[in-house]
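Participant: Predicted coordinates and the sequence they were generated for:
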Amino acid sequence: MSQYNLHVPQFIDDDVKEIYAQLCNYGYGRRTGEEFLDDLEKKQEQIEKYPLSCAVDTAYPSLTEMGVRKAVIFDGRYLLLYMIENQDVIVIMVERAERDYIIKFEANHRLYESEKQRDD
């Protein structure tokens, strides 16, 4: 059993549902959507067990300073960004790899911080 806990905020679940729907509805088919979900689940299991297994994102200095890690999923077509806080592995973003993901990360990070403050 891992000494870390995986935390996937609701807004990430919403983003994943949207990606799944896009994959299923735009010519790729349900099988492609299911493969995406399977790959995402495997990656989440990996980072929960081995949170240091993915490299710190060095594409953006602000992410490097925060120690945000980047996992590549679904044959490099999507990225999963996460942070480690104490014993928690927090998924902050799942996004298509070719997009400029810093904007999405910053918006999601603000959502996470506001949820965290509400829960405290």
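Facilitator: Now that the structure is in, tell me what you want to look at. Numbers count the residues shown, from 1 in each chain.
Participant: State the distance from the residue nearest to residue 77 when sequence neighbours are not counted to residue 79.
Facilitator: Using C-beta to C-beta, 6 or more residues apart in numbering and skipping residues adjacent in sequence, the residue nearest residue 77 is residue 97, 5.7 Å away. Using the backbone N, CA and C atoms, a C-beta is placed for each residue, glycine as well. Residue 97 is 5 Å from residue 79, where distance means C-beta to C-beta, to the nearest Å.
Participant: and what of residue 112?
Facilitator: Counting by C-beta to C-beta, the gap from residue 112 to residue 79 is 16 Å.
Participant: Would you mark the buried spots in the longest helix anywhere in the chain?
Facilitator: Criterion DSSP state H: the longest helix present in the chain is helix 30-49. For helix 30-49, burial by neighbour count (16 or more other C-beta atoms under 10 Å) applies to 33, 36-37, 39-40, 43-44, 47-48.
Participant: In three-state terms, how would residue 54 be classified?
Facilitator: Assigned state for residue 54: coil (three-state reduction, DSSP: H, G, I helix; E, B strand; the rest coil).
Participant: quick one: the strands in the protein?
Facilitator: 5-7, 69-73, 78-85, 88-96 (DSSP state E).
Participant: Pipe those strands into JSON lines and attach distance to residue 119 and mean pLDDT per row.
Facilitator: Formatted as JSON lines, the strands of the chain follow (distance: least, C-beta to C-beta, whole Å; pLDDT from 0 to 100):
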{"stretch": "strand 5-7", "distance to residue 119": "11", "mean pLDDT": "96"}
{"stretch": "strand 69-73", "distance to residue 119": "23", "mean pLDDT": "97"}
{"stretch": "strand 78-85", "distance to residue 119": "13", "mean pLDDT": "97"}
{"stretch": "strand 88-96", "distance to residue 119": "12", "mean pLDDT": "96"}
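Participant: Good, we can wrap up now.
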